[in-house]
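Student: Let me see the structure of the following:
(chains A and B)
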Amino acid sequence: KNEVEQSPQNLTAQEGEFITINCSYSVGISALHWLQQHPGGGIVSLFMLSSGKKKHGRLIATINIQEKHSSLHITASHPRDSAVYICAVKVSRSRLTFGEGTQLTVNP
Amino acid sequence: SAVISQKPSRDICQRGTSLTIQCQVDSQVTMMFWYRQQPGQSLTLIATANQGSEATYESGFVIDKFPISRPNLTFSTLTVSNMSPEDSSIYLCSVGGQLGDTQYFGPGTRLTVL
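Tutor: Numbering: from 1, shown residues only, chains lettered A, B, ... in the order given. Predicted coordinates for the structure are as follows:
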C-alpha cells in the first residue's frame, strides 16, 4: 500500500463543475503539498498545508490531520485547469512522498 | 520565492552515453533535490544535494549511475550515466525543505534514451 493515496486517478468534468480530489496518507507528516503538473512537465506548488484550510482564487485545500486526509477543490472549473494534480506529504525535514496524481480534464 | 531553471529542457540520447543536467536557482538554498518521473508515474526522489558534502541517495539509486555535483548554493548538476531506455524520464530539480517551506520545482528535463 502506498503511503499516499489519491482518488480519483482520472477525472473528467464539464466546464463550470465543482471538482474534488482526495488524498489520504498513512504516515505522520509535518506538511502536505498540493502540486499541479501541466503536460509540458513543469510542476507548480499550489498549496502547503499543515492544518485547516487555504484558499487561492478558485482553489481550496483542506486538511484533517486526525483523519490523515486532505482534499483539493476547484470551483467553477475551466479547461485551463486541466492538468495532473499531485498530493505530496513531508515526512521529514527533507523528504517528500508523492501520490500517483490525478489527471483532470475539463471539457468546454 | 525561488525561480529554478534547468538545462537542457529535453534531449534524445543513445544507449550507453551520459547526460548532465544543470539546475540553477535564483537564490541561495541549503538543500536541492533531484527527482525522476518515469512515464505515467509520480515523482521519485533520487538524491538530496547539499553544498559542501556528498549527496545523499535514496534506496535504489547509486552515485555511479547518478553522480551529483553541488559546487555552490545556487547550482547543481545530475549526470545520468551509461543510459538505457529505462532511464527515459522527466528529471526535475527542486528546492525547499525547511519545515513549513513551499517546495519549488524546476521545469524538468525530458530525457528519451533510444
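Student: end-to-end on stretch B:20-30?
Tutor: End-to-end distance for stretch B:20-30: 21 Å, by Cα to Cα, to the nearest Å.
Student: what bits of chain B have low per-residue confidence?
Tutor: B:97-101 (pLDDT under 70).
Student: Which parts of it are strands?
Tutor: Along chain B, counting by DSSP state E, strands occupy B:4-7, B:10-13, B:19-25, B:31-37, B:43-50, B:56-57, B:68-72, B:75-80, B:89-95, B:104-105, B:109-113.
Student: ok, which residues in chain A are in contact with chain B?
Tutor: Residues of chain A lying close to chain B by Cβ under 8 Å from any Cβ of the partner chain are A:30-31, A:33, A:35, A:40-45, A:48, A:50, A:86, A:88, A:90, A:93-96, A:98-101. For the C-beta atoms, the positions are set from N, CA and C on the backbone; glycine is no exception.
Student: Sort out which of these are in strands and list them.
Tutor: Per DSSP E, strands hold the following members of the residues of chain A next to chain B: A:31, A:33, A:35, A:43, A:44, A:45, A:48, A:86, A:88, A:90, A:96, A:98.
Student: The second one - how many residues pack around it?
Tutor: Using other Cβ atoms under 10 Å in any protein chain shown, the number of residues around residue A:33 comes to 24.
Student: so it sits right up against residue A:97, yeah?
Tutor: No. Counting by Cβ atoms under 8 Å, residue A:33 does not reach residue A:97; the two are 10.3 Å apart.
Student: Quick check: neighbours shared by these two?
Tutor: A:88, A:89 (Cβ atoms under 8 Å, 6 or more residues apart in numbering or on different chains).
Student: Need the ones in strands among the residues of chain A next to chain B in JSON lines (columns: pLDDT).
Tutor: Listed next are those as JSON lines, based on pLDDT from 0 to 100:
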{"residue": "A:31", "pLDDT": "88"}
{"residue": "A:33", "pLDDT": "93"}
{"residue": "A:35", "pLDDT": "95"}
{"residue": "A:43", "pLDDT": "90"}
{"residue": "A:44", "pLDDT": "89"}
{"residue": "A:45", "pLDDT": "89"}
{"residue": "A:48", "pLDDT": "90"}
{"residue": "A:86", "pLDDT": "96"}
{"residue": "A:88", "pLDDT": "93"}
{"residue": "A:90", "pLDDT": "86"}
{"residue": "A:96", "pLDDT": "84"}
{"residue": "A:98", "pLDDT": "92"}
